[in-house]
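Visitor: the sequence and its predicted three-dimensional model are supplied below.
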Amino acid sequence: MAVSVVLNGSRSGTRVSQAKRQRIIDIARELNYRPNFLARSLVRRATHIFGFYSGFNYFDARNPFIAELTAGLLEECARCKYDLLLHTVFRGQEINGLYDEMLSGKIDGLVIWSPDDDPLVALLRDSHPPVVSVVETISPFPSVGVAEYKGSYEIGKYLYEEGHRSIVYLTQKNPSKSRMQRQEGIQDAAAQLGMGLQLKVDPAWDGWPEILALSLPPKLRPTAIACWNDMAAYQVLSYCRATGIAIPQQIAITGFDGIESPIETDMHLTSVRAPWAQVASTAITYLVDLLEGRDVPNETILPVELIQGNTA
């Protein structure tokens, strides 16, 4: 009992003299003793580990968006004295196996970035430990996101004020809720302001001539391309520069997320800056609150900011 009190912080009420405490510590050092983490977590019913799950079938830390999320998670975990365990789907893995792993007692709480129809989400809805969703709103979990609709609406308004009347909105197939909010924002801006808007799906590299309508006379071409995120915008920018299309004189380009390109150092993208690191850190804060019995908001929307660069 005395050893447990000294080495494991047991609260049994046992009193240990300073001399005996030091003797136990000295012997533990001589034996190179290390506490068994798993056994300790079973006793305390806590591991001080949070999980992060991506349900979008990839997790590339080199992706600037994912890097922002991960940075926010790690920073807040460190502040709250938690470790972070990453989970993602890989080829051949069964969802039930991943679910069992998450519910095995390894983690105290889970942050998810996933589409609403992810089969794992259905399993998690009636489970423990607590779950907080980031980016996407997924019932019944608390969620943390950004003002997707407002940011995209502001892009449309900005392009109108810059004199653009025919624009392309570049999106992706099978958009998530957050992507649909972005699309709806610019569609509403175009409709209310009287701009022509074409919806195009992000193509392979050889599809850019069609997106830019290069076969049409200059007067009939769109004068701006609003992209659903910055990475798509940088792809358009790279194509235009490689083919001699002047930015923004011949075509303006905008993005969404506020991520600076490590390559196009002389071009600063006009974009909507979204505080993704803060979104992630807020989710960790909410997990701690839930574990300690405090209420958290069902939905938290952080503000975004239009950043004017030299591409539009």
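Guide: Sure, I can see it. Numbers count the residues shown, from 1 in each chain.
Visitor: what residues sit buried inside the helix or strand in which Q192 is found?
Guide: Using DSSP states H and E, the element containing Q192 is helix 177-193. When burial is assessed from 16 or more other Cβ atoms under 10 Å, helix 177-193 yields the following buried residues: S178, R179, Q181, R182, Q183, G185, I186, Q187, A189, A190. All C-beta spots, glycine's among them, are computed from the backbone N, C-alpha and C.
Visitor: just the mean pLDDT for that helix, thanks.
Guide: Helix 177-193 carries an average pLDDT of 96.
Visitor: list the helices and strands that helix packs on?
Guide: helix 148-161, strand 166-171, strand 196-201 (3 or more Cβ pairs under 8 Å, 6 or more residues apart in numbering; DSSP states H and E).
Visitor: nearest to F141, of the ones you listed?
Guide: Closest of the helices and strands packed on helix 177-193 to F141 is helix 148-161, at 17.8 Å (criterion: Cβ to Cβ).
Visitor: flag the shaky bits of the stretch 201-312 of the chain, pLDDT-wise.
Guide: Along the stretch 201-312 of the chain, segments meeting pLDDT under 70 span 204-206, 214, 262-265.
Visitor: could you pull out the helices for it?
Guide: Taking DSSP state H, counting those that start in this stretch, the helices of the stretch 201-312 of the chain run over residues 208-212, 230-242, 276-291.
Visitor: and if you look at the stretch 1-150 of the chain?
Guide: Applying DSSP H, counting those that start in this stretch to the stretch 1-150 of the chain gives helices spanning 2-8, 18-30, 37-44, 64-79, 95-102, 119-124, 148-161.
Visitor: one step back: a markdown table please, covering the helices and strands packed on helix 177-193 and showing mean neighbour count and distance to I225.
Guide: Below are the helices and strands packed on helix 177-193 laid out as a markdown table (neighbours: other Cβ atoms under 10 Å; distance: least, Cβ to Cβ, whole Å):
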| stretch | mean neighbour count | distance to I225 |
| --- | --- | --- |
| helix 148-161 | 21 | 10 |
| strand 166-171 | 22 | 5 |
| strand 196-201 | 14 | 8 |
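Visitor: so can I have JSON lines of those showing distance to N96?
Guide: Below are the helices and strands packed on helix 177-193 laid out as JSON lines (distance: least, Cβ to Cβ, whole Å):
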{"stretch": "helix 148-161", "distance to N96": "32"}
{"stretch": "strand 166-171", "distance to N96": "33"}
{"stretch": "strand 196-201", "distance to N96": "33"}
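Visitor: give me the number of residues near V132?
Guide: By the measure other Cβ atoms under 10 Å, the count of residues near V132 is 25.
Visitor: tell me which residues touch it, please.
Guide: Counting by Cβ atoms under 8 Å, 6 or more residues apart in numbering, V132 makes contact with 109-112, 141-144, 283, 286-287, 290, 296.
Visitor: and the residue nearest to it when sequence neighbours are not counted, how far from D126?
Guide: Of all residues not flanking V132 in the chain, A283 sits nearest, at 4.4 Å (Cβ to Cβ, 6 or more residues apart in numbering). To D126, A283 is 20 Å away according to Cβ to Cβ, to the nearest Å.
Visitor: dump stretch 55-64 to CSV, keeping only the CA atoms.
Guide: Listed next in CSV are the C-alpha coordinates belonging to stretch 55-64 (Å, rounded to 0.1, in the frame of the first residue of the first chain):
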residue,chain,number,x,y,z
GLY,A,55,-13.6,9.7,-42.3
PHE,A,56,-12.6,11.1,-45.6
ASN,A,57,-10.3,8.1,-46.5
TYR,A,58,-7.1,10.0,-46.3
PHE,A,59,-4.9,11.8,-43.7
ASP,A,60,-1.9,13.6,-45.2
ALA,A,61,-0.2,15.8,-42.7
ARG,A,62,1.4,17.7,-45.6
ASN,A,63,-2.0,19.0,-46.6
PRO,A,64,-2.1,22.5,-45.2
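Visitor: G255: which of the helices and strands packed on helix 177-193 is closest?
Guide: helix 148-161 (8.7 Å).
Visitor: angle of the closest one against helix 177-193?
Guide: For helix 148-161 against helix 177-193, the angle by axes from the mean of the first three to the mean of the last three Cα atoms, to 10 degrees is 40 degrees.
Visitor: what helices and strands are in contact with helix 148-161?
Guide: helix 177-193, strand 224-227, strand 252-254, strand 271-273, strand 305-307.
Visitor: that helix to strand 166-171, inter-axis angle?
Guide: If you take the same axes, to 10 degrees, helix 148-161 sits at 160 degrees to strand 166-171.
Visitor: relative to S114, how far out is V134?
Guide: Applying Cβ to Cβ to V134 and S114 gives a distance of 9 Å.
Visitor: in the stretch 51-200 of the chain, where is pLDDT below threshold?
Guide: By pLDDT under 70, the low-scoring segments of the stretch 51-200 of the chain are 89-93.
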